[in-house]
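Engineer: no sequence for this one, just the structure:
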């Protein structure tokens, strides 16, 4: 019963985001008593999940089924229905009969198997890819789908025999009709690079256009396309509304309007979180190491104090005493070259904070937040220092000053992940 409730809840959450892609209005989700690591779908919206698959998806210690990974499996089966693979199979049967009529009789069985396998394998890859899209639409993570296939490869290798269900009443599955696990994982990762990441890039371009009042018509076109891919995304729908609103305003004169509206544009936080990897990995460290290499390379050509501060931040993120000593030398040199530079001062504040010198860190952050002396700095350039100042004041037990600093920070940055953390800190006070 708990498994049935879970499968139904997750299944209906996924079915709700595919209504535009299929005429199926009634979905049925059933847990079947079978040890096979398998699930299957039937025409008309019937999806069946084996108990063996649910047990395989469960945490060995807690026995709890991982909801995201279950959603990845159900999304795949729902995609078979939404992509009309069953009606396509009827067309396949007609095509197969004609194909075999023209085929050498001695090779008939071999040709039949190759024809069916090619058709079925293409359907499986398509169901994996559209399943991943539905997964993201429903608020789950793309990483959940990747996790399923990585675990399959770890436990079963590239074989697909585990799809076979030994139960007498099990539907035929597996074998040559399914691509190998490695092939499916590669196709899924290729889909992420070809479809999901570019969608994020289009979102970011649309967001930038709206924030800069640059081209509301192009922004509207971008967000209309994104709405087709992610119809349930609040961020996409809000920004499409803003784009259309700004397009309207661009065609009106100020005297025709009651006042100048201030329209909130949302960043792609929620969508990006679903598409990007769920956990930090070794890739993160490789990226950081590569950035360090590039900073060092730039410094071989010129003594750039702000690049020195960039390198200092990357080394501090890596951690360790050797890196900290290197940071001290770097920032000392940077301060000699550009006394009072806000980028350098901000990095010096973090170095002191890492050392436990909170008062000195606060002094550096406060100075950095003021901007460069004698220059008309863009205040947004130094909001990182204002964020660090507020957090350092909070860590130093200076709650009233911290609250004032953090509230001031939110005026410059109301939407980023840093702003989310600030709001959480303020709510906790």
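Structural biologist: Good, I have the coordinates. Quick caveat, the model's predicted, so the values are computed rather than measured.

Engineer: List the buried residues for the helix or strand hosting residue 330?
Structural biologist: According to DSSP states H and E, residue 330 maps onto helix 321-337. For helix 321-337, burial by neighbour count (16 or more other Cβ atoms under 10 Å) applies to 323, 324, 326, 327, 330, 331, 334, 335. C-beta here means a position set from N, CA and C on the backbone, and glycine is covered the same way.

Engineer: Surely the first one is in contact with residue 313?
Structural biologist: No: under the criterion of Cβ atoms under 8 Å, residue 323 is not in contact with residue 313, lying 10.9 Å apart.

Engineer: Off-centre distance for the helix or strand encompassing residue 208?
Structural biologist: Using DSSP H and E, residue 208 maps to helix 197-211. Centroid separation between helix 197-211 and its chain, computed with Cα atoms, centre = their mean, to the nearest Å, is 14 Å.

Engineer: Now for the buried residues of helix 321-337: which two are most distant?
Structural biologist: Across the buried residues of helix 321-337, no pair lies farther apart than 323 and 335, at 18.3 Å, counting by Cβ to Cβ.

Engineer: chain center to stretch 311-318, what's the gap?
Structural biologist: 25 Å.

Engineer: go on, stretch 150-159?
Structural biologist: Distance, centroid of stretch 150-159 to centroid of chain: 24 Å (Cα atoms, centre = their mean).

Engineer: Count the neighbours of residue 428 for me.
Structural biologist: 7 (other Cβ atoms under 10 Å).

Engineer: wait, residue 288
Structural biologist: By the measure other Cβ under 10 Å, the count of residues near residue 288 is 14.

Engineer: Equivalent analysis for residue 155, please.
Structural biologist: Around residue 155 there are 11 residues (other Cβ under 10 Å).

Engineer: That one: helix or strand, and which one exactly?
Structural biologist: Assessed by DSSP H and E, residue 155 sits inside helix 142-156.

Engineer: Give me the angle between that helix and helix 197-211.
Structural biologist: Between helix 142-156 and helix 197-211, the angle comes out at 160 degrees (axes from the mean of the first three to the mean of the last three Cα atoms, to 10 degrees).

Engineer: other SSEs contacting helix 142-156?
Structural biologist: Here helix 142-156 touches helix 67-82, helix 108-137, helix 181-191, going by 3 or more Cβ pairs under 8 Å, 6 or more residues apart in numbering; DSSP states H and E.

Engineer: and of the ones you listed, who's closest to residue 55?
Structural biologist: Nearest of these (Cβ to Cβ): helix 67-82, 11.6 Å.

Engineer: Could you list every helix and strand in contact with the helix holding residue 208?
Structural biologist: Looks like helix 197-211 contacts helix 216-229, helix 234-250, helix 269-275 (3+ Cβ pairs under 8 Å, 6+ apart).

Engineer: nearest residue to residue 136 other than its sequence neighbours?
Structural biologist: Nearest non-adjacent residue to residue 136, counting by Cβ to Cβ, 6 or more residues apart in numbering: residue 274, 4.7 Å away.

Engineer: Pull the contacting residues for the one you found.
Structural biologist: 136, 139, 140, 141, 142 (Cβ atoms under 8 Å, 6 or more residues apart in numbering).

Engineer: now with 10 Å?
Structural biologist: Neighbouring residues of residue 274 by Cβ atoms under 10 Å, 6 or more residues apart in numbering: 135-144, 196, 200, 230, 233, 268.

Engineer: before we move on, what about residue 78?
Structural biologist: Counted by Cβ under 10 Å, 6+ apart, residue 78 has contacts 11, 14-15, 17-18, 21-22, 24, 27, 29, 41, 45, 47, 71, 127, 130-131, 134-135, 138.

Engineer: Poorly predicted segments of this structure, please.
Structural biologist: Low-confidence segments of the chain (pLDDT under 70): 1, 85-119, 158-178, 276-284, 372-381.

Engineer: Roughly how far does the spatially most central residue of it sit from residue 76?
Structural biologist: Nearest to the geometric centre of the chain sits residue 275, at 2.1 Å (Cα atoms, centre = their mean). As judged by Cβ to Cβ, to the nearest Å, residue 275 and residue 76 stand 18 Å apart.

Engineer: now swap in residue 402 and tell me
Structural biologist: Distance from residue 402 to residue 76, by Cβ to Cβ: 48 Å.

Engineer: For these two, work out which one has more neighbours and name it.
Structural biologist: Applying other Cβ under 10 Å to residue 402 and residue 76 shows that residue 76 carries more neighbours, namely 25 against 21.

Engineer: residues in contact with the residue lying closest to the more buried one once chain neighbours are set aside?
Structural biologist: Among residues not flanking residue 76 along the chain, residue 131 sits closest, at 3.8 Å (Cβ to Cβ, 6+ apart). Residues in contact with residue 131 (Cβ under 10 Å, 6+ apart) are 14, 18, 71-80, 82-83, 145, 148, 188.

Engineer: Can you spell out which helices and strands pack onto the host helix or strand of residue 314?
Structural biologist: Secondary structure assignment for residue 314, by DSSP H and E: helix 305-318. Applying 3 or more Cβ pairs under 10 Å, 6 or more residues apart in numbering; DSSP states H and E, we find helix 305-318 packed against helix 282-301, helix 321-337, helix 342-355.

Engineer: Mind checking these for the one nearest to residue 308?
Structural biologist: Going by Cβ to Cβ, the one of the helices and strands packed on helix 305-318 nearest residue 308 is helix 321-337, 4.0 Å.
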